[in-house]
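*Asks:* would you be able to build a 3D model of this:
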Amino acid sequence: MENLKPQYKTIDEYIDLFSGDIKARLIKIRETIKEIIPEATETIKYQMPTYVLFGNLVHFAAFKNHIGLYPTPSGIEAFNEELSEYVTTKGAIQFPNDKSIPYELIKNIVKFRVKETMDKQKFIKK
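*Replies:* I've put the predicted structure just below:
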């Protein structure tokens with residue numbers, strides 16, 4: 001059976017699947033993440049743009065009604081209060097397409113994930 005899912009290998013190819021405001025939001029999320037951790041590797045995992053530094057840091061993806069951010073459960077727990085107005089699950093945050101995206105909050109979540117990952121890496125090296 002032929003695979004009907006779009007096939008893309010880079011974040012550029014993923015973002016190019018979209019247009020208008022959704023594409024602009026995806027570009028801005030990418031820029032926001034890269035600003036915090038430019039040394040992270042960009043890749044596609046689980047069919048989503050992913051940033052990796054000693055393991056997965058964060059994923060994001062566009063859907064019909066929202067853009068999802070996937071900062072692992074710890075990234076959501078650490079910002080539980082700030083995320084109270086958004087739909088969240090154990091590992092995902094939904095930013096509705098009809099509301100502005102809190103880029104500053106995304107920065108803080110990514111900073112948290114980088115620190116968490118780096119602290120874990122230091123622990124492993126001991």
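*Asks:* could you point out the longest strand of this structure?
*Replies:* strand 56-62 (DSSP state E).
*Asks:* partner strands of it, with direction?
*Replies:* Strand 56-62 has its sheet partners listed here by DSSP bridges as strand 48-52 (antiparallel), strand 66-70 (antiparallel).
*Asks:* need the residues that contact the last one.
*Replies:* Strand 66-70 is touched from outside by 22, 25-26, 29, 48, 58-62, 87, 91-97, 101, 106, 109, with contacts defined as Cβ atoms under 8 Å, 6 or more residues apart in numbering. No exception for glycine: its C-beta is placed from N, CA and C like everyone else's.
*Asks:* just the buried ones out of those, please.
*Replies:* By neighbour count, with 16 or more other Cβ atoms under 10 Å, those hold 22, 25-26, 29, 48, 58-62, 92-95, 101, 106, 109 as buried.
*Asks:* where does the prediction get shaky in the protein?
*Replies:* By pLDDT under 70, the low-scoring segments of the chain are 1-6, 122-126.
*Asks:* so which residues of it form helices?
*Replies:* Using DSSP state H, the helices of the chain run over 11-15, 20-36, 72-77, 103-125.
*Asks:* tell me the buried residues in the third one?
*Replies:* Of the residues in helix 72-77, those scored as buried under the neighbour-count criterion (16+ other Cβ under 10 Å) are 72, 75-76.
*Asks:* of those residues, which is the nearest to P38?
*Replies:* G75 (19.0 Å; Cβ to Cβ).
*Asks:* quick check: that closest one touching K111?
*Replies:* No. Assessed by Cβ atoms under 8 Å, G75 is found out of contact with K111, at 10.1 Å.
*Asks:* returning to what we had before: how about the buried residues of helix 72-77 in JSON lines, adding distance to I44?
*Replies:* Shown next, in JSON lines, are those (distance: Cβ to Cβ, whole Å):
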{"residue": "T72", "distance to I44": "18"}
{"residue": "G75", "distance to I44": "20"}
{"residue": "I76", "distance to I44": "22"}
